[in-house]
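Chemist: Could you work out the structure for the sequence below:
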Amino acid sequence: MSSRAARNFGVIGCFGLAIICRSLPAAGFAPGSDDPLFDRPIAVAPSGESGVWRTKTQSVFDRAEHSLVRRLYTVWDATPSRDLDFMWTPHSLQSDKEDKISGVGTLIWRYRNVPAYDPASVFAEYKGAMKDGRAEGEGSYFDKAGFTYKGGWRNGLIDGFGRLTLPNGDEYVGQVRAGKANGTGRYVDITGEIFEGSFVDGERQGIGTTTLPNGNSYRSTWQAGNEAADSRQLRLAQSGGQVVPGGANDIRIGITIDKSKAREGEKDLTYAASSDDARMLIQPDNARLMEMWKGEGDIQLLDDEEAPDEGVGYYGVLSPKKGQLIPLTLSLHVENRSAAPVSVTGAYLGVASSVSDLQPAIQLHDLSAGFGCGDDFHFNPAYRAENFGWGAAQHAVAHFSFANPNVNARPSKVDIAKTVGAIEHTAIMNFEPELNAAGVNIAQLKAKAKEGFICTSKAPSACLQQIKGTGFFGSIAPQMDLQRDQIMVSAAGTLDYSWRDGKGAEHSRSSPYNVKLALGHVKVETECGEGGAPDVVTANALQFKLDQSDYKLPISFRRSIPAGRTSQFLVSVKADKASEHEFTVVLQLADGREIASRPISLTYYLPSWYPPAGR
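Modeler: Next comes the predicted model:
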């Protein structure tokens, strides 16, 4: 491992909670150019500012009272020159107090010259525990500089144990203190080289284990981030004995994801890379999408995911529009760490396998979404199950119980089963029969859909009791609640189905959901918005060959890289379906040798169809 990697974990300073770091621009080489390789810390605390306390009054929604309350909050800003605004959302308003922020919640730092509703306004976000205006306890953080961290905090600095990802793709997992790596940790750089051992003030110190990209390991010795001479001899031996300048193991390939084509605020589908030992994992950079498709996340669309997409449809999660499918572009960094120039005459992707992914990708879309604006309300307690995967969901059954919409916990008893059947593209889940069976007066609710319910009291709790007293809601009345002007009840449970992979093997899946059914509305005036659609983005890309193995995709790359320099080039890839790919990037040298990157596992997402505009 290079001494550059050894110094990756200098002080991380926080303004309030946002990490501000100056870093070596490892991903900033222009295609075709060479940048020098040299050693310096890539994460250091800002200097020259003493910091200030920021105080503001903001409105917070009280779910218990269904009203907005005003709170005065104070937070520490260590870099006031950035002139960022903040917003604090407590996890529990009942335990939240004014003055210096303490408790658990979400702290967002925004640019002042961008509207607060625009996602592009967010510079950094922290979710976790706070004490006296600074991060304290467990929390997760990300910012637009490319830093992410999840773990312990103390007095506004990372402290304890955590996982840190740097802007150039390097990762550190281990002990940290006062903003630096201190103690035992594991570091993986973008070339796949791994160091496991001790760190002192952000630098490797003492004895540890180094694993090279070729998989060979050796016992390494370090002093203040520099590798001892005898330790470097072990490195050369584990590298295959290539002691001559320009040897194959003096050339390394680092890989990051280029996101320069992504447009702020447009919800473009991008990808992210992470390390799994010596292997790189690439998957969509959308945790919600991955939880719904591959994990255990609720499959109903949330309110902001159902929001009308500026007059041309709805956002969704598993249903990005064609214009939001940004090409997956690999940024390849070729490092020449030898003492002589190296001539690269070509490159290719060595693909071990490309397999179509036939797992269903199901989201539940509220068919009443968008009809909550005054007289436009329609009684339609139904959801559309939309499958954007490339395989059908078979024998689908929705198991559920009616529940309070403000309670996120699963019902202790699920006593209703609703047959849905096969879901190839879409299937309707209409809850009207089950509401009718629970004693809900469907005819009355349809009759009042236009005019709404009129309450004699402005107090939400009294209004809700008045609505329940109509007798229209049968046995579900105790579970009902008011959310803003909507009369709501939840249907919470699981959608159970089976599906078959490309080899015909059957799999079963149980996807949780907690859908909110709008039964009516209280007569109020609201506003609806409108706007335009984003532009379509296109790019040439290498095409994976689905359901094939052991093939090559040539890359046009020819360059002489001087000693001690790094050259970067960009490669876009695509596939015709959602799919899984195992491959390496291989460089071809003028002397006939080939240099391979660490193995890459790619989970590629592509919806099997697109909703028509204006749905």
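
Chemist: And the helices in the chain, which stretches?
Modeler: Taking DSSP state H as the criterion, the chain contains helices spanning 3-6, 229-238, 287-293, 303-306, 432-437, 442-447, 460-468.

Chemist: can you tell which of those is closest to Lys127?
Modeler: helix 287-293 (12.0 Å; Cβ to Cβ). C-betas here are computed from N, CA, C, even on glycine.

Chemist: Low-confidence ranges, this protein, go.
Modeler: 1-49, 63-66, 117, 237-249, 264-265, 307-315, 369-377, 524-539, 613-615 (pLDDT under 70).

Chemist: hmm, try it at 50
Modeler: Scanning the chain with the threshold set as pLDDT under 50 gives 1-32, 38-47, 241-248, 309-313, 372-374, 525-539.

Chemist: Please parse it into its domains.
Modeler: 3-23+37-176, 255-296+319-358+534-604, 371-521 (automatic domain parsing).

Chemist: Next, format these as TSV and append distance to Arg235 and mean neighbour count.
Modeler: Output for those, formatted as TSV (distance: least, Cβ to Cβ, whole Å; neighbours: other Cβ atoms under 10 Å):
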stretch	distance to Arg235	mean neighbour count
domain 3-23+37-176	12	18
domain 255-296+319-358+534-604	11	17
domain 371-521	43	17
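
Chemist: how about CSV for these, with distance to Gly208 added?
Modeler: Listed next are these as CSV, based on distance: least, Cβ to Cβ, whole Å:
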stretch, distance to Gly208
domain 3-23+37-176, 10
domain 255-296+319-358+534-604, 16
domain 371-521, 41
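
Chemist: Between the ones you listed, which one is closest to Arg219.
Modeler: Across the domains of the chain, closest to Arg219 is domain 3-23+37-176 (Cβ to Cβ), at 16.0 Å.

Chemist: Quick check: Thr184 vs Pro599, distance?
Modeler: Separation of Thr184 from Pro599 (Cβ to Cβ, to the nearest Å): 26 Å.

Chemist: give me every residue that touches the closest residue to Gly391 other than its chain neighbours.
Modeler: Nearest residue to Gly391 in three dimensions, chain neighbours excluded: Leu358, at 3.1 Å (Cβ to Cβ, 6 or more residues apart in numbering). Taking Cβ atoms under 8 Å, 6 or more residues apart in numbering as the contact definition, Leu358 lies against 389-391, 499-502.

Chemist: One more pass at 6 Å, please.
Modeler: Contact analysis of Leu358 by Cβ atoms under 6 Å, 6 or more residues apart in numbering lists 390-391, 501-502.

Chemist: Strands along the stretch 351-500 of the chain, start to end?
Modeler: Per DSSP state E, counting those that start in this stretch, the stretch 351-500 of the chain carries strands over the ranges 362-366, 382-387, 393-403, 416-423, 426-430, 481-483, 486-500.

Chemist: Distance to Tyr126 added to those strands, as CSV?
Modeler: Shown next, in CSV, are these (distance: least, Cβ to Cβ, whole Å):
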stretch, distance to Tyr126
strand 362-366, 28
strand 382-387, 33
strand 393-403, 31
strand 416-423, 38
strand 426-430, 37
strand 481-483, 27
strand 486-500, 30
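
Chemist: Lys294: which of those strands is closest?
Modeler: Comparing these by Cβ to Cβ, strand 362-366 comes nearest, at 11.9 Å.

Chemist: could you say what helices and strands the closest one packs with?
Modeler: Counting contacts by 3 or more Cβ pairs under 6 Å, 6 or more residues apart in numbering; DSSP states H and E, strand 362-366 is packed against strand 382-387.

Chemist: So which elements touch the strand it packs on?
Modeler: Using 3+ Cβ pairs under 6 Å, 6+ apart: strand 382-387 touches strand 362-366, strand 426-430.

Chemist: re the thing from before, for the strands of the stretch 351-500 of the chain, which one sits closest to Gln588?
Modeler: strand 486-500 (40.2 Å).

Chemist: Provide the strand pairings for the closest one, with the direction of each partner.
Modeler: Using DSSP bridges, the strands paired with strand 486-500 are strand 393-403 (antiparallel), strand 481-483 (antiparallel), strand 506-521 (antiparallel).

Chemist: Give me the residues contacting that strand.
Modeler: 360, 391, 393-400, 402-403, 405, 411, 414, 431, 476, 479-481, 506-508, 510-512, 514-521.

Chemist: Between all of the contacts of Leu358, which two are separated the most?
Modeler: Trp390 and Asp501 (10.4 Å).

Chemist: and the nearest residue to Ala590 once chain neighbours are set aside, what are its bridge partners?
Modeler: Once flanking residues are discounted, Ala590 sits nearest to Ser343: 3.9 Å by Cβ to Cβ, 6+ apart. Here Ser343 sits in beta bridges with Ser560, going by DSSP bridges.

Chemist: Of all the strands paired with strand 486-500, which one comes closest to Phe86?
Modeler: Proximity to Phe86 (Cβ to Cβ) singles out strand 481-483 among these, at 26.7 Å.

Chemist: Nearest to Lys97, out of the strands of the stretch 351-500 of the chain?
Modeler: Once these are compared by Cβ to Cβ, strand 481-483 is nearest, at 25.5 Å.

Chemist: need the contacts of Leu358 in JSON lines with distance to Ala427, can you?
Modeler: Listed next are the contacts of Leu358 as JSON lines, based on distance: Cβ to Cβ, whole Å:
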{"residue": "Trp390", "distance to Ala427": "17"}
{"residue": "Gly391", "distance to Ala427": "15"}
{"residue": "Asp501", "distance to Ala427": "21"}
{"residue": "Gly502", "distance to Ala427": "23"}
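
Chemist: From those residues, pick the one nearest Trp222.
Modeler: Asp501 (46.6 Å).

Chemist: just the strands in the stretch 151-300 of the chain please.
Modeler: 157-165, 171-177, 180-188, 194-200, 203-204, 206-211, 217-223, 226-227, 251-258, 271-276, 279-284.

Chemist: Equivalent analysis for the stretch 501-615 of the chain, please.
Modeler: Going by DSSP E, counting those that start in this stretch, the stretch 501-615 of the chain shows strands at 506-521, 542-543, 548-555, 559-561, 565-574, 579-589, 594-596, 600-604.

Chemist: Which strands border the fifth one, and is each parallel or antiparallel?
Modeler: Which is strand 565-574. According to DSSP bridges, strand 565-574 has these partners: strand 34-36 (antiparallel), strand 328-336 (antiparallel), strand 542-543 (parallel).
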